[in-house]
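A.B. asks: below: sequence and its predicted model.
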Amino acid sequence: MEAGVNDLVRRGTKRLSRDINNSRVLQLIQARAPISRAEIAKVAELPPPTVTAIVNDFIRVGLVREMDQVREPGNGSGPIGRRPVLLELNESAGFAAGVKLRPDGMTVAVTDLAGDLIYHGSSALEDSSPGPALAQVAAAVRSGLARAGVDGHKTIGVGIGMPGLIDFRNGVCRFSPLMGWKSVPVRSELESGLHMPVYVDNDVNMVTAAEIAYGAGHEASEFLTVTIGRGIGLGIVVRGEIYRGAFGGAGEFGHTKIDSPRRCDCGSTGCLEAVASEWGICAQVAELLGSSEISIEEALGLAADGNGDVRAAFTAAGRALGRGIGNLLNLFNPQLVIVTGEGTRAGSLLLDPMRAAISDAAFATLGSDTRVVVQRWGDEAWAQGAASIVVHEMLRPPIYEAQETGPLDRILDRAPALGAGSR
Ligand SMILES: [Zn+2]
């Protein structure tokens with residue numbers, strides 16, 4: 001049963017208002033540091049004593065520190081007043097782990113609160129069925145944290161990014177054709193073993209979370225992330241938050257339908273990713289050459305050698321992709337579209353026809369108003385993105401009863417006070 005949003009919104013308790021104030025103050029310090037207590041009170045519209053109490057709590061646990069630098073009142077020539085002490089986030093007050101899970105392996109990353117990568121490592125998945133795979137994920141997270149030199153109690157949570165239809169709120173993988181999973185309670189399985197908050201999301205949303213926090217999306221409140229690789233994914237950011245849809249299925253861009261008879265992995269025909277993803281391109285090239293299978297490297301090699309048919313397959317893929325993105329521009333009117341994923345390695349062969357088709361499909365000036373940027377992401381960057389969703393959740397106003405104890409509680413409820421700077 002899907003719980004209605006109204007059942008999940010927290011009642012107006014004292015604890016709720018405390019949590020919301022905490023998160024507003026922390027968000028401001030993260031976004032606008034160096035910042036003084038007085039500036040926080042003004043921007044957050046909170047009484048100065050409330051801000052002072054919250055900041056003192058943050059300083060006590062080592063989450064925020066006072067900077068040596070102080071700001072002169074006015075331009076320094078005015079009357080001498082109290083010089084405000086400036087605050088900043090202590091990025092090593094907590095650490096987050098992130099996992100990018102694939103059918104054949106996983107990459108684990110550990111980051112600090114600023115999202116800086118402290119450790120990353122990859123391993124092959126021995127058994128991709130849910131039980132053994134999740135046991136291996138838990139073991140890899142523990143070992144990654146140990147290698148990063150991070151104590152379990154300083155870890156604020158773990159983010160898991162995986163392909164498929166994921167119910168983020170309940171932490172359940174509803175359906176992942178690539179993994180071969182159906183209705184797997186990933187979060188509860190992992191939380192019972194790891195004893196820390198676990199967030200499970202579609203891997204594309206993990207990349208999108210990283211773009212919000214540290215990437216090109218930092219400056220944009222409305223943007224889209226399109227990933228091209230094994231599949232074609234879409235992250236949707238509306239008002240600075242990831243839009244996941246009613247059942248977690250928003251962004252299944254790869255399974256939007258185009259005029260094509262090709263069969264898709266999902267069981268349907270005419271899906272965009274059956275034409276424009278790397279496997280879609282490989283399948284078409286294999287057919288052209290009358291061979292049973294061909295790798296993307298081989299296909300790219302043939303195109304580079306000037307094989308016209310193979311080049312035409314890439315052009316058709318780029319056009320289909322661009323037409324789809326142009327439709328997205330018409331629907332969402334984003335400021336920015338970030339195109340990423342291993343599929344971008346095809347370069348201008350795929351991306352030039354894509355850009356041309358975006359302009360053709362976009363209505364009026366929407367194509368020229370929107371910036372389209374191409375970014376390369378390695379697996380460690382995806383895992384870093386998975387960790388960033390934990391930090392993102394820590395900073396987000398906690399209005400939903402998603403979890404009993406969130407990432408910020410892990411730091412605030414922690415005793416004794418942390419030594420700043422130590423791991
Ligand atoms: Zn499909």
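C.D. replies: Cool, the structure landed. Residues are numbered from 1 along each chain as shown.
A.B. asks: quick one: the helices in the stretch 201-350 of the chain?
C.D. replies: 203-213, 272-276, 278-289, 296-304, 308-332, 348-361 (DSSP state H, counting those that start in this stretch).
A.B. asks: for the fifth one, enumerate the helices and strands it packs against.
C.D. replies: Identification of packing neighbours for helix 308-332 by 3 or more CB pairs under 8 Å, 6 or more residues apart in numbering; DSSP states H and E yields strand 223-228, strand 232-238, helix 272-276, helix 278-289, helix 296-304, strand 336-340, helix 348-361, helix 366-369. C-beta coordinates here come from the backbone N, C-alpha and C atoms, glycine included.
A.B. asks: nearest to the ion, out of the helices of the stretch 201-350 of the chain?
C.D. replies: Taking CB to the ion, helix 272-276 is the member of these nearest to the ion, at 6.1 Å.
A.B. asks: starting at the chain centroid, how far to the closest one?
C.D. replies: Its chain's C-alpha centre and that of helix 272-276 lie 23 Å apart, by CA atoms, centre = their mean, to the nearest Å.
A.B. asks: ditto for stretch 112-123
C.D. replies: That offset, for stretch 112-123, works out to 14 Å (CA atoms, centre = their mean).
A.B. asks: hmm, who's touching that stretch?
C.D. replies: For stretch 112-123, the surrounding residues in contact (CB atoms under 8 Å, 6 or more residues apart in numbering) are 89-96, 105-111, 136, 140, 144, 147-148, 150, 156, 210, 213-214, 379-380, 383-384, 387-388, 391, 394.
A.B. asks: same check on stretch 334-345?
C.D. replies: Residues contacting stretch 334-345 (CB under 8 Å, 6+ apart): 207, 211, 215-217, 220-230, 232-233, 237, 277-278, 296, 300, 325, 328-329, 350-351, 354, 358, 370-377.
A.B. asks: give me the buried subset of the residues you listed.
C.D. replies: 207, 211, 215-217, 220, 222-230, 232-233, 237, 277-278, 296, 300, 325, 328-329, 350-351, 354, 358, 370, 372, 374, 377 (16 or more other CB atoms under 10 Å).
A.B. asks: coming back round to it: keep only the contacts of stretch 112-123 that also lie close to the ion.
C.D. replies: Among the contacts of stretch 112-123, not one lies near the ion by CB under 5 Å from the ion.
A.B. asks: pLDDT score assigned to residue 32?
C.D. replies: What the model reports as pLDDT for residue 32 is 87.
A.B. asks: for the nearest residue to residue 248 once chain neighbours are set aside, give the beta-bridge partners.
C.D. replies: The shortest distance from residue 248 to any non-neighbouring residue, by CB to CB, 6 or more residues apart in numbering, is to residue 167 (4.4 Å). Going by DSSP bridges, residue 167 is paired in beta bridges with residue 172.
A.B. asks: I'd guessed residue 167 sits against residue 175; true?
C.D. replies: No - Residue 167 is not in contact with residue 175 according to CB atoms under 8 Å; the separation is 10.0 Å.
A.B. asks: looking at those two, which one has more neighbours?
C.D. replies: residue 167 (20 against 16; other CB atoms under 10 Å).
A.B. asks: next, work out how far apart residue 38 and the ion are.
C.D. replies: Distance of residue 38 to the ion, given as CB to the ion, to the nearest Å: 55 Å.
A.B. asks: ok, that residue touching residue 47?
C.D. replies: No - the criterion here is CB under 8 Å, and residue 38 misses it with residue 47 at 11.7 Å.
A.B. asks: which one's more surrounded, those two?
C.D. replies: residue 38 (14 against 10).
A.B. asks: ok, and the closest non-adjacent residue to the more buried one?
C.D. replies: Per CB to CB, 6+ apart, closest to residue 38 is residue 84, 5.8 Å.
A.B. asks: where does that neighbour land on pLDDT?
C.D. replies: 83.
A.B. asks: verify the stated contact: it with residue 34.
C.D. replies: No - counting by CB under 8 Å, residue 84 stays clear of residue 34, with 9.7 Å between them.
A.B. asks: who touches stretch 43-59?
C.D. replies: 21-22, 24-26, 28-29, 32, 37-38, 40-41, 64-66, 87, 412.
A.B. asks: which of those residues are buried?
C.D. replies: 21-22, 24-26, 28-29, 37, 40-41, 64-65, 87, 412.
A.B. asks: and the residues you listed, which of them are in strands?
C.D. replies: 64-65, 87 (DSSP state E).
A.B. asks: so who does whatever residue of the stretch 1-150 of the chain ends up closest to the ion touch?
C.D. replies: When scored by CB to the ion, the stretch 1-150 of the chain has residue 103 as its residue closest to the ion, at 16.5 Å. Applying CB under 8 Å, 6+ apart to residue 103 gives the contacts 125, 128, 163, 178-180.
A.B. asks: go with 7 Å
C.D. replies: 128, 178-179 (CB atoms under 7 Å, 6 or more residues apart in numbering).
A.B. asks: and for residue 232?
C.D. replies: Contacts of residue 232 (CB under 7 Å, 6+ apart): 253-254, 272-273, 276-277.
A.B. asks: make it 8 Å
C.D. replies: 226, 253-254, 272-273, 276-277, 321, 343.
A.B. asks: one more: residue 311?
C.D. replies: Taking CB under 8 Å, 6+ apart, one finds 303, 349 in contact with residue 311.
A.B. asks: doesn't residue 385 make contact with residue 206?
C.D. replies: Yes - in this structure, residue 206 is within contact of residue 385 by CB under 8 Å, at 4.0 Å.
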